[in-house]
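Novice: kindly generate the corresponding structure for this input.
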Amino acid sequence: MKGLATALFAFVAAAIVTAWAWLGAPVQMPASPLEPDKNPYCVSYAPFRGDESPFGPDIPIDPRLIDSDLAQLKPITDCVRTYSIDHGLDQIAEIAKRHGMRVLQGLWLSNRPERNRRQIETAIALAKRFPDVIAAIVVGNEVLLRGEMSAPELVRTIREVRAQVSMPVTYADVWEFWLRYQEIAAAVDFITIHILPYWEDFPIPARDAAAHVEAIRRRVIAAFPEKEVFLGEFGWPSFGRMRAGALPSPVNQARTMHEVLARAKSEGYRVNLIEAYDQPWKRQLEGAVGGHWGLFDAYRREPKFASGGAVSNHPHWIWQAAGGVALAAVIFATAFVALRGGVAKHHTTFWLRIAVITIVSGFLFGWTLQNIPLESLTVGHWLRSVAWTALALVAPILGAASLAGGAAIPNFVQVLGRAAQRQRDWLRVSLGVLQIALVVLAVQAALGLVFDPRYRDFPFAPLTAAVVPILVLAGWKGRPKAPAAERTAAAALVLSAVYIAVNEGFANWQALWFSAGLLALAFTLLQARDAPG
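Specialist: You can find the predicted model right below:
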């Protein structure tokens, strides 16, 4: 049987590497629609790095960092769009002048009049000081969408600013709100709309993003034929949870930007891409996806893709594959060691079951590791990610040892009950603790996706990596009567799985995969037998 085990390990290792090579294969983007001297009209820019955010004290960003960013952005654009004057963003116009760049100067409007007054006065002063740098003033960003200001109040504010500056003035909001509050158009020099296909009420897949942008743009033009319609925000996230068929990924980000810029060139309209750099702080508001809209990553300040070049969704796939093969080796080694003193009798079946555990866990462990820094921002996020990763790592190793030793998964009472009811075998206790921890994390994730799903990710990779070993170990025991605690947890998982699949839509493979994992975990719970005593 040693030869069978060796052959199976070789097959598993080859399968893991092949799967990762397929996932990591670079996709060639179409030729850049831009000529060497024709860069994107503008790019949204915020200088926040690391744990910096616009929500903390108004401490100015180091101007040297802004200078470094603008020097990096200059080769791809000669214009940046800002959204506020706080936290040192009022320095951008002066620094941009040194780089020969223009600024779409934003001022942030909210439901705080005193803050609005400071924003207005500072933006007007900047416009007068840098008339050759500031190309336009954007008076407010999505303040109608947030419901923080009425349309008449916004019109008065726009007209106040417009009367005191020499450059064009506009207001920026999602396209629906321009159609809802058409009276705003009379106060501005041009219309600035935001079209983000990923965030639409009915999300648009990446393949249809450019066509969707064009259809919406024409709809707005029809409503305001006398005004220029400027696409003030278009972008696509490189990482995060799917919404219906809209998948965040580096390939989709690069492709949608190429296609929209090509349309803009052929149709002759201006585009502002969102955004220059990933902004980690946005994960506090929008989940993991909120922090991954940049052309450059937040920490290394490296470009995510080259215009017209090849792009990979998993550029480090070789290391992920190597990690998976290493884990596979540990699982097989554990099985060999445990089998010497174990009770496994049907060796062929045993090694086939080990292979199933290994190929799934080995493949998904690299995916789990990749997602830790991308999904984690706060201490709570990191603790949850580490807990999921620990389960994905320990479950297959413990599952292999348990298969070899003939250990069954104890029920909850045998782990958490009174001393007389508790299981004494360390391997079975470990299995029970593992399953309970997995149930707790799975129920927490499932209920979050039921009651507050919009910004929550689907931990499908670690869930699957952890549940498959338990599923293989549990097997099929007919219809044993599970204890009440297990039946209750299984019911919560099944109901959540059904709701998530239906609510997210069958185009969302992340949701379907996660739901399948919940159903598999529920099945293992229903295989538990009555507790003794």
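Novice: element containing Ser266, please.
Specialist: According to DSSP states H and E, Ser266 maps onto helix 250-267.
Novice: can you give the distance of that helix from its chain's centre?
Specialist: Computed by C-alpha atoms, centre = their mean, to the nearest Å, the separation of helix 250-267 from the middle of its chain amounts to 20 Å.
Novice: just give me the longest strand of the protein.
Specialist: The strand that spans the most residues within the chain, counting by DSSP state E, is strand 134-141.
Novice: I'd like to know which elements it is packed against.
Specialist: Identification of packing neighbours for strand 134-141 by 3 or more C-beta pairs under 8 Å, 6 or more residues apart in numbering; DSSP states H and E yields strand 102-107, helix 113-129, helix 151-162, strand 169-174. Quick note: C-beta positions are derived from backbone N, CA and C, even for glycine.
Novice: in the helix holding Ser266, what counts as buried?
Specialist: By neighbour count with 16 or more other C-beta atoms under 10 Å, helix 250-267 contains the buried residues 250-264.
Novice: again, but for stretch 303-313
Specialist: Quick answer for stretch 303-313 (16+ other C-beta under 10 Å): Lys304, Phe305, Ser307, Val311, Ser312, Asn313.
Novice: quick one: end-to-end distance for that stretch.
Specialist: Distance between the two ends of stretch 303-313: 14 Å, counting by C-alpha to C-alpha, to the nearest Å.
Novice: now do that stretch, average pLDDT.
Specialist: Summarised as a single mean, pLDDT over stretch 303-313 is 89.
Novice: any idea how far it is from the chain center?
Specialist: With C-alpha atoms, centre = their mean, you get 18 Å for stretch 303-313.
Novice: thinking again about what came up before, which of the buried residues of stretch 303-313 fall in strands?
Specialist: Val311.
Novice: of all the buried residues of stretch 303-313, which two lie farthest apart?
Specialist: Within the buried residues of stretch 303-313, Ser307 and Asn313 form the most distant pair, 17.6 Å apart (C-beta to C-beta).
Novice: which stretches of the chain form strands?
Specialist: Using DSSP E, the strands of the chain run over residues 27-28, 42-44, 79-81, 102-107, 134-141, 169-174, 191-194, 229-234, 271-273, 310-311.
Novice: want to throw these into CSV with distance to Glu52?
Specialist: Output for the strands of the chain, formatted as CSV (distance: least, C-beta to C-beta, whole Å):
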stretch, distance to Glu52
strand 27-28, 33
strand 42-44, 16
strand 79-81, 18
strand 102-107, 18
strand 134-141, 19
strand 169-174, 23
strand 191-194, 24
strand 229-234, 21
strand 271-273, 22
strand 310-311, 28
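Novice: what's the closest of those strands to Arg456?
Specialist: For Arg456, the closest of those is strand 169-174, at 22.1 Å, according to C-beta to C-beta.
Novice: which elements pack onto that closest one?
Specialist: Counting contacts by 3+ C-beta pairs under 8 Å, 6+ apart, strand 169-174 is packed against strand 134-141, helix 151-162, strand 191-194, strand 229-234.
Novice: repeat that with 7 Å
Specialist: Counting contacts by 3 or more C-beta pairs under 7 Å, 6 or more residues apart in numbering; DSSP states H and E, strand 169-174 packs against strand 134-141, helix 151-162, strand 191-194.
Novice: buried ones in the longest one?
Specialist: Judged by neighbour count using 16+ other C-beta under 10 Å, the buried positions of helix 151-162 are Ala151, Leu154, Val155, Thr157, Ile158, Val161, Arg162.
Novice: pull the contacting residues for the second one.
Specialist: Contacts of Leu154 were listed using C-beta atoms under 7 Å, 6 or more residues apart in numbering, and they are Gly140, Val143, Leu144, Tyr171, Ile184.
Novice: output those as CSV; include the columns distance to Ala507 and pLDDT.
Specialist: Formatted as CSV, the contacts of Leu154 follow (distance: C-beta to C-beta, whole Å; pLDDT from 0 to 100):
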residue, distance to Ala507, pLDDT
Gly140, 35, 97
Val143, 33, 98
Leu144, 30, 98
Tyr171, 34, 98
Ile184, 35, 97
